[in-house]
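>>> What follows is a predicted structure for the sequence shown.
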Amino acid sequence: MSDASEFQIKQNILERIDRCTVCHREFLTDDLKVIRREQGFWVIAVTCNDCHNRNLVAAVLNDGDTAEARSVLRELSRSAGYDIDFGDSATIAQAPFGEGDDVEAGARIEAGDVLDMHQFLDEFDGDFKRLFRSRPSGDHSSN
């Protein structure tokens, strides 16, 4: 395909994912790199130049095979250590930490926890060194 077609495909992708989901930087066409071209679909890496977050996008062309495009995305993501979920939200989740590691669910976050964090952040002066040097009252353990 011509450079004009590649530019148009990138523009179509940018209309759908215009900002980085991590740092909210607006993407530019230079942030999209075609990494694989197949009959009926292309796989494009979208990389944020600020935070280096990277996503893979399959651009299915005309009557391209979406099942094959999903298979290629799955293959590429697994080789990079990720698992893809093609549910309603089409999310990508970090692969497990290691063989046999079980991740336990933490305590449920309540509305009061959110309000406490809001108040903490509202009053926080940004001094992380002081924050991590200080110990909760009653904690007299040594480092």
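Alright, I've got the coordinates. Since this is a predicted model, take the numbers as computed values, not measurements.
>>> give me every residue that touches Leu61.
In this structure, Leu61 makes contact with 9, 40-42, judged by Cβ atoms under 8 Å, 6 or more residues apart in numbering. C-betas here are computed from N, CA, C, even on glycine.
>>> Give me the phi and psi angles of it.
phi -100, psi 140 (degrees, to the nearest 10).
>>> Please determine how far it is located from Phe7.
14 Å (Cβ to Cβ, to the nearest Å).
>>> cool, Gly112 as well?
Here Gly112 is placed at a distance of 51 Å from Phe7 (Cβ to Cβ).
>>> ok so Val57 is a helix residue?
No: with DSSP: H, G, I helix; E, B strand; the rest coil as the criterion, Val57 is assigned strand and is not in a helix.
>>> got the contact list for the closest residue in space to it that isn't next to it in sequence?
Once flanking residues are discounted, Val57 sits nearest to Ile44: 4.8 Å by Cβ to Cβ, 6 or more residues apart in numbering. Neighbour list for Ile44: 9-10, 13, 32-35, 56-59 [criterion: Cβ under 8 Å, 6+ apart].
>>> which SSE is Ile44 in?
strand 41-47 (DSSP states H and E).
>>> chain center to that strand, what's the gap?
14 Å (Cα atoms, centre = their mean, to the nearest Å).
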